[in-house]
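Student: I'll drop the sequence and a predicted model, then ask my questions.
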Amino acid sequence: MTVRSGRGTARQTIRVDTDLWDRFGAAAEQSDTDRSEAVRAFIRWYLREPGAKMPRRPDASTGDHGETARSD
């Protein structure tokens, strides 16, 4: 779903587990950004836009943001 915010940027709706969304918010804050900017940076990087960089992640030593080892 796309909704115009009145500021020229469309608001997108995605489905994310509440716990995951909360941990993402805490991690973004730890990196001196917010979820929206981190998502936009990731999309730019994912699409290989010129000059785009992967969003900065918080330092793993500064706290646990729910990251767990995966055995895929």
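Tutor: Right, received. Where do you want to start?
Student: pLDDT on the helix or strand containing residue 20, on average?
Tutor: Element membership of residue 20, judged by DSSP states H and E, is helix 18-30. Averaging pLDDT along helix 18-30 yields 96.
Student: how about the strands in the chain?
Tutor: With DSSP state E as the criterion, the chain has strands at 2-4, 10-12.
Student: could you give the mean pLDDT of the first one?
Tutor: In this model, strand 2-4 has an average pLDDT of 63.
Student: and what of the last one?
Tutor: If you average the pLDDT over strand 10-12, you get 91.
Student: for that strand, buried residues please.
Tutor: Neighbour counts over strand 10-12 (16 or more other Cβ atoms under 10 Å) mark no residue as buried. C-beta coordinates here come from the backbone N, C-alpha and C atoms, glycine included.
Student: do the same with stretch 51-60
Tutor: So stretch 51-60, judged by 16+ other Cβ under 10 Å, has buried residues 55, 58.
Student: and it, how far apart are its ends?
Tutor: End-to-end distance for stretch 51-60, by Cα to Cα, to the nearest Å: 25 Å.
Student: and for stretch 7-20?
Tutor: From its first residue to its last, stretch 7-20 covers 28 Å (Cα to Cα).
Student: re the thing from before, remind me what the helix holding residue 20 packs against, helices and strands.
Tutor: Judged by 3 or more Cβ pairs under 8 Å, 6 or more residues apart in numbering; DSSP states H and E, helix 18-30 is in contact with helix 35-46.
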